[in-house]
Structure formats: structure tokens, C-alpha cells
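Colleague: need a structure here:
(2 chains)
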Amino acid sequence: MNLKTMNKTTRSNMVTYLMVIIAFVIVQALVSSGSISSSLKGQLVPICAYIVMAVSLNLTVGVLGELSLGHAGFMSVGAFSGVVAAICFGQTIENSVAVLILAMLVGGCAAAVVGVLVGVPVLRLSGDYLAIVTLAFGEIIKGIANNLYVGMDANGLHFCMIKNTLEMTDGTMLINGPMGLTGIPRIATFAMGFALIMVCLFVIFNLVNSKSGRAIMALRDNKIAAQSVGINVTNYKLMAFVISAAMAGMAGVLFAANFSTVVASKFDINTSILVLVFVVLGGLGNMRGSIIAATVLTVLPEVLREFSEYRMLVYAIVLIVMMLATNNPTLKNAIGSFTGKFSRNAEKGEKANG
Amino acid sequence: MAKMVPIPSKGFMKESDIGQTPVLEATHLGIEFGGLKAVDDFNLTVGRTEIAGLIGPNGAGKTTVFNLLTKVYQPTHGTVLLDGKDTHGMSAIQVNKAGIARTFQNIRLFSSLTVEENVKLGMHNHTKYNTLEGILRMPKYWQEEKRTHERALELLDIFDMANLADYKAGSLPYGAQRRLEIVRALATEPKLLLLDEPAAGMNPSETEELMENVRKIRDTFQIAILLIEHDMQFVTGICEGIAVLNYGKIIAKGAPQEVINNPEVIRSYLGE
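Modeller: Numbering: from 1, shown residues only, chains lettered A, B, ... in the order given. Below you'll find the predicted structure:
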């Protein structure tokens, strides 16, 4: 397809795909040439997971326009169910990529189911109330996961809650209460993380540019008007929420499969807020911004290690500077005039405003 | 106590519409908020291709009538027949699907979306592909997007707005936003179009143009239009029947000249 005949959104989406692909190729090259520090190398899969988290939360917060503070809860559901699935599939299937894909599907579906269960009653609320309920949901999931025991022996899977009453003689514990997931097969790879990002971007971009995506954005802009043209508010709200939850679930599987143990408290309110920071700093509804923010803000604490105890101070300053800079009209214009050369529509937009 | 001026509904109807099922038949329609009767015993019949006006002083309950017809509020009394079908128990969404579209007094556009997207949203229920086909970009998606794109431009062309298709709806001037709202409502393929103060904030020449366009819409789409308006020149110039509302009750209805010479209407609304 010719780049010039495409409309503005399609072009912008292509740029985002391209950016992700180029970044992947460069990092892959750096890794194989060994010129990347081992601590940063260990961050690659978590970065991918956080990017997927940020992009999926952006669907809820940016595109649907509802504030959710329980996104890590879905990540947790995905991680726990996906890892159990991975261990089960791992016994019969040799290929680790296939196992990971199946685990992601299981994790994504589990998170989607929980998304529906939470979404149906909760999406009647909006604004602050929705934020409070989703916050509580995240904590409940953490509480459940902290008290869940799952073991596996020759007879299959065994579950129990609160106290470990599984009396297995020859089995292994998969989820061991507050000790979390143990014995996870470390099958997550950077390439799989990249693939997941691409799939999520594909789904979100294509969703947003279809009639369903338009309906979701219409709800954000004006709910009463949306109803007046016959758009089913509940359905589309739920759709955005569940797709977002499913992606978070897959990100959870990817994240967990990168470590040999993961505890439930990893997916707490701090993680939810961290992902929200990625979304807000990257720009609401702006997927490319979310990707960049997630990458930069995950790498930053590593890079700032040389500041030792001032690390978080510098981190905070960087956040504030980023916020001010992206809202500064002078800077915006400077960037605008630079990028204006590449987008013909920028000029058009100015005329419409003036 | 306001004196009711009894004019039979038939006389309020265009000749060509007589004998056909009226598109709208509201009988004894009413709503109470607590003890307040915002609309009381509202009876109105609108013919299939009629342009009807609803006028009255501020706070008379005109917009409330629109909200009752479109089920933003559920009426506490009375029935609304749309094309002969009872709309009792329908939601706002179902009523739109059944054939009532509206605009709003305080403009409600999807302001961060483009003009074309706004119109395409009007066609939402007539766009025949599902979410999965949309995400996977099946052939159906491309066909339907192409069809709705062309249709949207056609509809925008009624108001000469096709050239604005790519602008953000929120960035349009006020008059254009009002017109876009009408186009979006038309895109839902209604049988009855409700316009809430379409000429508000427009200058005389814009109002003139709007009058022609409203007529054009009725003639090309063969639909009924019920409008609320304070600009009496607009109302008398375009409406074939007028109903006057005061304190939630209809105080007069009939042909424009009859109504504006009605002493009760002059006393309570038009002024001596």
C-alpha cells in the first residue's frame, strides 16, 4: 500500500508497528552481540509484559474513558491460571513456544471470564466509584491468590484455600499460598514478548478503527448521544473492559513465565498504579506513547542505579519533567513544527481550530 | 386554569397523510417528578411526512416531551404509538432502532471524533459486520466501511459539509455542529426526526438556509419532523401544524396561523 494514500490514523498505526519492529531488531542484535548488560537483559521480558499491560489499560482508560485501578488483578489471574496450565501442558508437549502460547490463551481466557464477572455489576458505575471498586477487586484477587494452594500429583490437580490441607505423597506444589507460584518453567522469551505486543497492537488498532471501536469512543465522548443513535452502552463498555482484561491476563503469563517463582503480592495496587502512570504519561488513547512510557520507565530505575539512594528522587523528577514538558505549549509547537513536515494533516487541523 | 382549545388531531394533519397510520400518536402522555407534573395529558398526532412544531415558554416541558418520546425518561402516564406500535417498555436504544432520532438542545456530539465518524456512528446499527470481522479485517469490513463512508459523505452533502469530513467535530463552528447533529440523527434512518431548537444561535441567513434544508430532508427522505423552536418566523414558515405547550399542558394546536392568533397563546407565550 502506498504510504501517501493512507489516512492519518492508518499511517500513525503503521509508524507504531514499525517502531516496535525496529526496536525489537536492534535489541535482538545487541543481545546477540553481547553488548547489553545482564541486568537489562533480564528486564526485556518484563518490559514486554508492561508494554502489553500499558496498551491494554489504555483501552479502558484512554479509549473507553473509565478509570480502572485493578489492572494488576487481571494480570494476577492470568499469571496464576496460565502458569498452572503451562505446567500441565508441559508434561505432554515438548515445544516450549507452543506451551507458552497455550498458557497465554488459558491465562487470557481466565482473565476475560473474571473481567466479565467483575464488569457486569461494576460497569454500571463510572468515574471515582468505578476506580474504587476496581481497586478493591485488585486487592481481593491478591488476597485470594495469597491463600490459594494448588498441587499436582499422579491423580491430577488438587486445590485448597486458607490452609495447606493437600496431603500429597508424591506430588509437587504449583501454588503454595503466600509463597506464590513455584517451579515455573521459564519459557518466556523476548521474541514471544514481542509477538504478544504485536498481536495486542493489531487487535487494539483494528478494534478502534471499526464500528465497535467508534462506539466505545462515542461512549467516552457522550453517553446520552450514544444511546440516542442506538448504541448499546453496556455491551460496548463490557467489550472494551473484557478485551483489556484478557490482554492483561496474557501479559501476566508472559511476566510469570520469565521467573522461577512469583508471589501474589507482586500484582498489587503499586503495579496497577505503575501501569496507570505509563498510560497517563504516554497519553490517553495514545498507544505509541504507552509503549514508550512503559519502556522508559521500566528501564529508568536500572539506569539510575548509579545514583544509589537518590534513585527514586531522580525517578520522580524525571516523571515531573516529562509531565511538564508534554504539556508545555512552546515545546509542543516545536515538536509539532518538526513532525509537521511528515504529516500533511497537521496543517489542516490548525485551520479547523482557527 | 388554562382553557383547552379543542382541535381534533385530524385537522392538524397534512391532507396527504390522512388515511395512513400516523408516525407518532401520543395519548394522555405524562410524567411526574415527585409531585410535579412536568408533562400532563399530552396528546399529539404527527402524520407520516409532516413537519410539526412544538412551541411554548421556557420551562413549559417541551424538551421533557422529547425525552419522553425517546425514552430518556419513562413516562408515568399514557402511551406512545410509533408507526402504530406501542413503545411501552422500550429503552432509548430500542426506540431509536424503532425509528425515532433526535438532536439535543445543548449540542451533544462525539467531539473528539471526526465529522465522518460521527455520521458513521449514526449508521452504527445499519453497519453489517461484527466486532470479530472488524478486528480481523474480513472482506465484509472493507465492503461495509466503503459503503458507510460513501453514505456518510452523501448525507453530509445535504448541508454542504462533505468537505469537513476529516475535521474533529468539536472544532467545528457552532452552526456546523448543529447541522452535523441533524445529519447524525438522519443517519440512523428514522421515521420521525425530533429537532430540539435547531435554529438556536443561528443568524437570519443561516436560519433561512436551515428552513430550506429541513424541507429538503422531509421531501427526500419522506419522514416526519417534529421540532422545538423559539424563532416564530422559522416555526410559522416551515411547520404544517403547531402545538403550544404551557405548564406541561397543550393549550392550543392546529395550523400555524390559527395558533398564533389564538388569544390564549398570545397571552401566555407570544405577548400582546
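Colleague: Look through chain B and report the residue furthest from the middle.
Modeller: Computed with Cα atoms, centre = their mean, the residue of chain B farthest from its C-alpha average is B:Leu136, at 37.0 Å.
Colleague: what helix or strand is A:Glu302 on?
Modeller: Secondary structure assignment for A:Glu302, by DSSP states H and E: helix A:287-303.
Colleague: where do the helices sit along chain A?
Modeller: Counting by DSSP state H, the segments of chain A that form helices are A:8-33, A:38-58, A:71-92, A:96-122, A:128-146, A:190-208, A:211-221, A:223-228, A:233-256, A:269-282, A:287-303, A:311-327, A:329-340, A:345-353.
Colleague: low pLDDT regions in the chain?
Modeller: All of this is about chain A. Counting by pLDDT under 70, chain A contains low-confidence ranges at A:1-6, A:163, A:165-170, A:335-336, A:338-354.
Colleague: Chain B, not that one
Modeller: Counting by pLDDT under 70, the low-confidence segments of chain B come to B:1-19, B:272.
Colleague: Give me the most central residue, it.
Modeller: B:Leu194 (0.7 Å).
Colleague: Just give the nearest non-adjacent residue to that residue, would you?
Modeller: Nearest in space to B:Leu194, with sequence neighbours left out and distances taken as Cβ to Cβ, 6 or more residues apart in numbering or on different chains, is B:Arg102 at 4.0 Å. Just so you know, the C-beta spots here come from the backbone N, C-alpha and C atoms, and that holds for glycine as well.
Colleague: That neighbour against B:Leu186, yeah?
Modeller: No - B:Arg102 sits out of contact with B:Leu186 when judged by Cβ atoms under 8 Å, with a separation of 11.0 Å.
Colleague: how far away is the nearest residue to A:Leu100 once chain neighbours are set aside from A:Ala85?
Modeller: Beyond its immediate neighbours in the sequence, the residue positioned closest to A:Leu100 (Cβ to Cβ, 6+ apart) is A:Ile187, lying 4.8 Å away. For A:Ile187, the distance to A:Ala85 under the criterion Cβ to Cβ, to the nearest Å works out to 12 Å.
Colleague: so what's in contact with the two at the same time?
Modeller: Between them, A:Ile187 and A:Ala85 have A:Ala103 as joint contacts when contacts are counted by Cβ atoms under 8 Å, 6 or more residues apart in numbering or on different chains.
Colleague: got the residues of the stretch 151-272 of chain B near chain A?
Modeller: B:166-168, B:171-172, B:184-185, B:187-188 (Cβ under 8 Å from any Cβ of the partner chain).
Colleague: in chain B, which spans are strands?
Modeller: B:24-33, B:36-46, B:51-55, B:77-82, B:85-86, B:100-102, B:192-196, B:224-228, B:241-246, B:249-254 (DSSP state E).
Colleague: in the fourth one, what counts as buried?
Modeller: When you say that, I think you mean strand B:77-82. Neighbour counts over strand B:77-82 (16 or more other Cβ atoms under 10 Å in any protein chain shown) mark B:77-78, B:80-82 as buried.
Colleague: before we move on, what about the first one?
Modeller: By neighbour count, and taking 16+ other Cβ under 10 Å as the criterion, the buried residues in strand B:24-33 are B:24-26, B:29-31.
Colleague: Direction included, what does it pair up with?
Modeller: Take DSSP bridges as the rule and strand B:24-33 pairs in its sheet with strand B:36-46 (antiparallel), strand B:77-82 (antiparallel).
Colleague: Compute the inter-axis angle for the first one and strand B:51-55.
Modeller: Angular relation of strand B:36-46 and strand B:51-55 on a 0 to 180 degree scale: 160 degrees, by axes from the mean of the first three to the mean of the last three Cα atoms, to 10 degrees.
Colleague: just the shortest one next, same as before
Modeller: Comparing the axes of strand B:77-82 and strand B:51-55 via the same axes, to 10 degrees yields an angle of 150 degrees.
Colleague: what's the nearest residue to the closest residue to chain B within chain A if we skip its chain neighbours?
Modeller: Shortest chain A-to-chain B distance, computed as Cβ to the nearest Cβ: residue-wise this is A:Ser210, at 3.0 Å. Once its chain neighbours are removed from consideration, A:Ser210 has its nearest residue in B:Gly134; the separation is 3.0 Å (Cβ to Cβ, 6+ apart).
Colleague: Thought A:Lys211 was touching the one you found, still the case?
Modeller: Yes - between B:Gly134 and A:Lys211 there is a contact at 6.3 Å, judged by Cβ under 8 Å.
Colleague: out of those two, which sits in the more crowded spot?
Modeller: With neighbours defined as other Cβ atoms under 10 Å in any protein chain shown, B:Gly134 and A:Lys211 compare such that A:Lys211 has more, 27 against 23.
Colleague: residue contacts, the residue lying closest to that one once chain neighbours are set aside?
Modeller: Using Cβ to Cβ, 6+ apart and skipping the chain neighbours, the partner closest in space to A:Lys211 is B:Thr127 (4.7 Å). Contacts for B:Thr127 were tallied using Cβ under 8 Å, 6+ apart; they are A:211, B:120, B:144, B:148.
Colleague: Using a markdown table, please lay out the helices of chain A together with distance to A:Asn164.
Modeller: A markdown table is the format used below for those (distance: least, Cβ to Cβ, whole Å):
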| stretch | distance to A:Asn164 |
| --- | --- |
| helix A:8-33 | 40 |
| helix A:38-58 | 29 |
| helix A:71-92 | 16 |
| helix A:96-122 | 22 |
| helix A:128-146 | 13 |
| helix A:190-208 | 32 |
| helix A:211-221 | 44 |
| helix A:223-228 | 48 |
| helix A:233-256 | 21 |
| helix A:269-282 | 26 |
| helix A:287-303 | 34 |
| helix A:311-327 | 37 |
| helix A:329-340 | 56 |
| helix A:345-353 | 61 |
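Colleague: Distance to B:Val214 for the strands paired with strand B:24-33 - can I get that in JSON lines?
Modeller: Formatted as JSON lines, the entries for those read as follows, by distance: least, Cβ to Cβ, whole Å:
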{"stretch": "strand B:36-46", "distance to B:Val214": "14"}
{"stretch": "strand B:77-82", "distance to B:Val214": "21"}
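Colleague: any idea how far the residue of chain A closest to chain B lies from A:Thr234?
Modeller: Between A:Ser210 and A:Thr234 the computed distance is 19 Å (Cβ to Cβ).
Colleague: Tell me which of the two has more neighbours.
Modeller: Here A:Ser210 and A:Thr234 are compared on neighbour count by other Cβ under 10 Å; more neighbours surround A:Ser210, at 24 against 13.
Colleague: Good, wrapping up.
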